[in-house]
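Chemist: dropping the sequence and predicted coords here.
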Amino acid sequence: MDNHDGGRADWDDIKTFVAAAQAGSFGAAARRLRTSQPTITRRIDDLETRLGVRLFDRGLRGVSLTRAGERIYDRALSMHRASVDIERLALEADRHDTGEVTISAPEGIGGFLVGVKLADFMKENPGIRLALDCGFYPENPVDAHIDLSIQLTQPGDQPDVAASELATLHYALFASQDYIDTYGAPTRLEAAVGHRFIAHSAQVSEKGQWQAKTGAFMELTAPALVVNSSTAMLFAIERGAGIGAIPTAILRTTSNLVMLDIPPLATGTLWLCHHRDALKSPRVARVAEWLVSIFDARERPWYRKEYIHPSEFEGWSWPAATARA
C-alpha cells in the first residue's frame, strides 16, 4: 500500500484493530464487539488505507499481524486501555448504591443459572437496575459498559482486569426419558458413539480443551445437530432429539432430563471478571457478592471442583433420576 489519504485514524477503527489482533479473526472480533464481520473488515480496510500499511495477513484460519501491525498494536493497545479507563471513570462518577449494573454471561449460564435467581435479588435490592447481557458466544470481554463478566475462560494478560474463580461445571451426558425408552441408555462412553449426539458449537470448536478420552469421543461422534444456543440444545435434548453434554447443575432447573451413568466428559471453570476499580461502586460490589452466593459450592455441591454424583448430595431431592445400568 503506497498511497493513503493522510487522514487520522478513527478511534472506532483502532478499537476494531485491537479486537481483531486479540481475537485472531475478524469473525471473533465481530462477536466480541457485537457487530458484523463485514463491518470489521470495512473498518480494518479503512484503517489500513489511512495509515498506508497492511496490518494483517489474511488466511483461511484467521488473521495475523504483519510486522507493521505488531509495531502499531502496542501503541493501539495503550490507547485502548486509556479509553476504557476514561469511560470507566465517567461511568463510576456516581458512587451511590442505586443505579444500573450490567452483567455479561454466556447465554446458557445467564439464562439457566443466573436468570432463575434474578427475582429474589430484585426484591431485596429495589434500587439496583440490572442489565443481563447474554451472548451466543463464549467470549464475554470486560468492556467499558460491562460491570461484571462471567466467562468460561480465564482472561489473558490484562493488567486492568481482575478475575476470580466463581464455580466449576461438570459436563455429563443427558437424554430425555423418551429417548432412553426408545434407544436405551449407554453406560460406557464407547457405547454412546452410536447415539444421536447434540452438540454446542463451542464444544465442537474447543475439542482440545476436553479430556483425552472425551476428545476421542468427540472426534468419533458426528453430531446430529450443532447449535450455538444452550437453550435450543436443552430443548432439543428434552424432546428426544438425542444425547448431549450439559453441566450437572442443570438438574436444579429442569425435570425433563436424565443423566446417563457415564463419568463426566469434562470440567470447566467459571470466572467472575471486572475492571480492578469496579468494586469501588457499592452497587457493583453488591451484585458481585450476590453472584458469588449463587455459585457457592458449600451450599451447592454441583459447583465444587471435585465431581460428586447427584445421588450423593445429601438433603437435596433431584427432579430427575439418573439412568443407571
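Modeler: Good, I have the coordinates.

Chemist: quick one: buried residues of stretch 244-261?
Modeler: If you call a residue buried by 16 or more other Cβ atoms under 10 Å, then stretch 244-261 has these buried ones: 244-251, 254, 256-261. Yep, even glycine has a C-beta here, placed from its N, CA and C like the rest.

Chemist: try stretch 268-282
Modeler: For stretch 268-282, by 16+ other Cβ under 10 Å, it's 268, 270, 271, 272, 273, 274, 275, 278, 279, 281.

Chemist: next one: stretch 282-301
Modeler: Those would be 283, 284, 285, 286, 287, 288, 290, 291, 294, 295, 300, 301, for stretch 282-301 by 16+ other Cβ under 10 Å.

Chemist: quick one: the third one and residue 274, what's the gap?
Modeler: Same thing as residue 285. Distance of residue 285 to residue 274, given as Cβ to Cβ, to the nearest Å: 10 Å.

Chemist: show me what the longest strand seen in the chain is packed against.
Modeler: In the chain, taking DSSP state E as the definition, the longest strand is strand 161-175. Contact here means 3 or more Cβ pairs under 8 Å, 6 or more residues apart in numbering; DSSP states H and E; on that basis strand 161-175 packs against strand 243-247, strand 258-259, strand 266-275.

Chemist: does residue 106 really touch residue 149, like I thought?
Modeler: No. Checked against Cβ atoms under 8 Å, the pair residue 106 and residue 149 is beyond contact range at 10.1 Å.

Chemist: contacts only, for residue 102.
Modeler: 130, 131, 132, 133, 145, 146, 147, 148 (Cβ atoms under 8 Å, 6 or more residues apart in numbering).

Chemist: count of neighbours near residue 197?
Modeler: Applying other Cβ atoms under 10 Å, we find 23 residues neighbouring residue 197.

Chemist: enumerate the beta-bridge partners assigned to it.
Modeler: Using DSSP bridges, the beta-bridge partners of residue 197 come out as residue 243.

Chemist: residue 148 versus that one, what's the distance?
Modeler: 34 Å.

Chemist: just the CA trace of stretch 115-129, in CSV.
Modeler: Listed next in CSV are the C-alpha coordinates belonging to stretch 115-129 (Å, rounded to 0.1, in the frame of the first residue of the first chain):
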residue,chain,number,x,y,z
GLY,A,115,-31.7,-15.8,35.4
VAL,A,116,-33.6,-18.1,37.7
LYS,A,117,-32.2,-16.2,40.7
LEU,A,118,-33.0,-12.6,39.4
ALA,A,119,-36.4,-12.2,41.1
ASP,A,120,-35.1,-12.7,44.6
PHE,A,121,-32.3,-10.2,44.1
MET,A,122,-34.6,-7.6,42.6
LYS,A,123,-37.0,-7.9,45.5
GLU,A,124,-34.1,-7.4,48.0
ASN,A,125,-32.4,-4.6,46.1
PRO,A,126,-35.2,-2.4,44.5
GLY,A,127,-32.7,0.5,44.0
ILE,A,128,-30.4,-1.5,41.6
ARG,A,129,-31.4,-1.9,38.0
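
Chemist: thinking again about what came up before, filter the contacts of residue 102 down to the buried ones, ChimeraX style.
Modeler: Here is the ChimeraX selection string for the buried members of the contacts of residue 102, based on 16+ other Cβ under 10 Å:
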select :130,133,146,147,148
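
Chemist: in a markdown table: the contacts of residue 102, plus pLDDT and distance to residue 310.
Modeler: A markdown table is the format used below for the contacts of residue 102 (pLDDT from 0 to 100; distance: Cβ to Cβ, whole Å):
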| residue | pLDDT | distance to residue 310 |
| --- | --- | --- |
| 130 | 95 | 30 |
| 131 | 93 | 33 |
| 132 | 93 | 27 |
| 133 | 90 | 30 |
| 145 | 76 | 38 |
| 146 | 86 | 33 |
| 147 | 91 | 33 |
| 148 | 94 | 29 |
